[in-house]
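>>> Have a look; sequence and predicted model below, questions after that.
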Amino acid sequence: MLNYVLRRIALLVPTIIGISICAFAFVRVLPGDPILAMAGQHGVTPERYEILREQFGYNLPIWQQYFNYLWDVMQGDFGISLATKRPVINEFMALFPATMELAFVALLFAVIIGIPAGIFAAIKRGSWFDQVTMGVALTGYSMPIFWWGLLLIIFFSGYLGWTPVSGRIALTFFLKPITGFMLIDTLLYGNWAAFVSALRHLILPAIVLGTIPLAVIARQTRSAMLEVLGEDYVRTARAKGMSPNRVVNVHALRNALIPVVTTIGLQVGLLLGGAILTETIFTWPGIGKWMIDSISKRDYVVVQSGLLIIALIVMSVNLIVDLLYALINPRIRVQ
Amino acid sequence: MKLMKTLMAATAMVALAAGAAQAKQLVYCSEASPAHFDPGPVTGGNDFDASAHTIFERLVEFAPGSTEVIPALAESWDVSEDGKEYTFHLRPGVKWQTLPYFTPTRDLNADDVIFSFERQWKEDNAWHNYLEGMTWDYFQGMDMPKYIASIDKVDDLTVKLTLTEPNAPMLANLAMQFASIVSKEYADQLEASGDMAAFSTQPVGTGPFQLVDYQLDTVIRYQAFPDYWDGKQPIDDLIFAITTDASVRAQRLLAGECDIMPYPAPADLEALKADEDLVVQEQEGLNIGYISYNTTEAPFDNPEVRKALTMAIDKAAIIEAVYQGAGQDAKNLIPPTMWSYDDAIPADVYDPEAAKAALEAAGVTNLTTDLWAIPVSRPYNPNGQRVAELIQADWAKVGVTANIVTYEWTEYRERGKQADRKGPFMIGWTGDNGDPDNFFATLFSCSAIGVSNYSSWCNDDFEAAISAAKTSSDPAERTELYTKAQEIFKAEEPAITLAHSRVFMPMKKTVLNYVMSPLGSHSFKGVDVQE
């Protein structure tokens, strides 16, 4: 097992280097000069332009810029935002809890609904429930997040007035962040009304962000269950006269869940990607919205480092999922 | 069930308690997060709204709803005979805000004023480069280093500004956000403690509101400054709820989550206007969308050809199709809200037959040209590509073939400045200080060729008029000179003046005394909410 873990970690190194090159190259192949972009409608004088180029190191050969960047990153220095002049890592740390909270609740929503729906669809294969569930899942999977989010806002917030339009908590609550997780912070403050408000603000964005993972998880659970239900040991269990519930819950589900766990882990990357759109629509102050705002402001430093940090997180999560998978499925370790 | 009841009762009680303690507050759904809170180096309208119009003030200000310059931190000022010396008499007893991170020991004085300009002006000032990679865009952009000879303290409450040459728009420049007055005492304290960057995140001003808290990308909270020299504000709390998407802002306003919002999407205007709890204020924007001919390139060097090409364009159709009710035909370079606007100038007529005849008379047949389409959406031109397509179709009717070209925005502007650029170039301008000089001289003076004079147009009579207007301090004389400049511009047609945008400001009917600024800033001084 230790061997496996080490091998997986070693594999990360080339990936990280590849990603850092991509992130670095990406912002440089984008059209537009970062210094001119910073200057606004008045522009800068040629002298000032040269000074700034030197200050930001844009005058150096490209490979040298890359190695300087890599060196800084290895020391934990992700650069200073061109727009706000604050360290990128500070902004990231301030905003990341909001994204994590949203992603976690969205995933919870997807798992709680997706797994039972998949199981029932598999058991009642071909029934109207199966067809409707899979139809809805396919629709959910194909739904453009932006349109779906606006639709829900207009209907539930605008028309019915059940949920708030956007934000993380009602503006009447002024609570300094402790952990950055609003649900936890409001409880730490012992402010029940604030907790309710935070929860109400989470509902729509979590549904929107959770829709695609929900569809994926439901479909994956269904096909995994179908496969397992056709296995010999399930037939044996049934033949022994075991109750249908016990067959499904004990024999089938346990084995079917293994690929589902991997699928759930893979959703984390998808959730961070989806967060970009969801956060923008719901004005959710997380890293997705931060990235979008930075792209429109041409804050190259934030875009470059933001991409790298997000990629590192996705990779770490995937690694953890792989290791967990190996833990619950001994066949992997042997291979 | 019992638990549920208990919880509901508890919730209700907390809500009641919160309501009882609630102060009078105004929630503004702002359009973007501020870069930081130092109004000197920032450039965005949202940056200025969050700092210059809440926390800070200037020697002089623009009167609410106009571009007229009125006293603010300077009670009065004298201008010397030769127009080169401005002596400002500061208002006595102006308090600096007391905050958890700063307790002032003195009122506003001349040292603060001098520091506020020297930090932007003098490269050896310790504060000139206090944030990494910072630039003083507006101080440079408004050519302040060229015009300022010295700034001197006469006494504690008197400051003398000496110019290198007379410059009438200087007063309007001093009313701009970059010229906000900051505290020298606070700067000294931070310099001593070694935490200079805090100057941009923990601001101290003299303005009507003081900063309470900023949660990145989420919300900015202000409270009324109790010792404000012009009296405490009617509202207690001012909240900027940062909401970047225009449609979501509209939904928040409709749902009552905010009281007032800027920049609605054209598609949402109807619903906002229809809501009986809301009112939508509107005004012409201080901007111009225009298309610069390259006047050094044949056949565009002939004014008759330029006028004929303009005449071939159906501007009304463009404004209807592209601006969707948020635009208005521009017959002059400056918008109607600006002083010296010449309403006697006739509007451009659309007459393809006459245009064709004029082109033939000028010997222009089978003309093929590039037409540059602005690649980004701007208030003065929401969709450059669409405008270009409509013009292309109009010109085809008079036998002119236009090939639409475009580039990424910064690249686009760089290429547009080239003297040998081929074809008419679509661009626009948003006014900085409400002075006509900021349009005429910035965009069409001879010295702006290669910078922002995309027409490479240098006309002696026009140049003489705008130069004289710049040095005269007599408003009547300046108006006359700018009127003349507008006549020359129309006769010469170095550019097609396309449209001015219309700006909308939806708000709840309970918001009282809000006045739209023609300069596009959002200030909540004096605003009240009906309870």
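Cool, the structure landed.
>>> can you pull out the helices in the stretch 301-450 of chain B?
In the stretch 301-450 of chain B, the helices defined using DSSP state H, counting those that start in this stretch lie at B:303-311, B:315-318, B:352-361, B:384-396, B:409-417, B:437-444.
>>> The longest one near chain A anywhere?
Which is helix B:384-396. No: Helix B:384-396 lies out of reach of chain A by CB under 8 Å from any CB of the partner chain, never closer than 15.7 Å. C-betas here are computed from N, CA, C, even on glycine.
>>> Can you spell out which helices and strands pack onto that helix?
helix B:315-318, strand B:368-372, strand B:401-405, strand B:425-430 (3 or more CB pairs under 8 Å, 6 or more residues apart in numbering or on different chains; DSSP states H and E).
>>> These: which one's closest to chain A?
strand B:425-430 (7.0 Å; CB to the nearest CB).
>>> still on that earlier bit, and the helices and strands packed on helix B:384-396 as a markdown table, adding mean pLDDT?
Shown next, in a markdown table, are the helices and strands packed on helix B:384-396 (pLDDT from 0 to 100):
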| stretch | mean pLDDT |
| --- | --- |
| helix B:315-318 | 94 |
| strand B:368-372 | 96 |
| strand B:401-405 | 96 |
| strand B:425-430 | 93 |
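>>> For residue 146, the count of nearby residues, please.
I'll assume chain A. 14 (other CB atoms under 10 Å in any protein chain shown).
>>> my question was about chain B
11.
>>> For it, which non-adjacent residue is spatially closest?
Closest residue to B:K146 apart from its sequence neighbours, by CB to CB, 6 or more residues apart in numbering or on different chains: B:T164 at 6.9 Å.
>>> How many residues are close by that neighbour?
With other CB under 10 Å as criterion, B:T164 counts 12.
>>> Kindly report the same for A:Q65.
Neighbour tally, A:Q65, other CB under 10 Å: 16.
>>> Show the contacting residues for it.
Residues in contact with A:Q65 (CB atoms under 8 Å, 6 or more residues apart in numbering or on different chains) are A:F24, A:G57, A:Y58.
>>> Wasn't it part of a helix?
Yes: applying DSSP: H, G, I helix; E, B strand; the rest coil, one finds A:Q65 inside a helix.
>>> how close does it sit to chain B?
15 Å (CB to the nearest CB, to the nearest Å).
>>> same check, this time on A:A10
With CB to the nearest CB as the criterion, A:A10 and chain B are 36 Å apart.
>>> On the three-state scheme, that residue is what?
helix.
>>> Counting neighbours, what do you get for it?
9.
>>> Tell me the predicted confidence for it.
For A:A10, the model assigns a pLDDT of 87.
>>> Please apply the same query to B:A15.
43.
>>> And the one 3 residues further on, by the same measure?
At B:A18 the predicted local distance difference test score is 45.
>>> and what of the one 4 residues further on?
Model confidence at B:Q22, given as pLDDT, is 64.
>>> how about the residue nearest to the spatial centre of chain A, secondary structure?
Among the residues of chain A, the one closest to the centroid is A:L272, at 2.2 Å (CA atoms, centre = their mean). Secondary structure assignment for A:L272 (three-state DSSP): helix.
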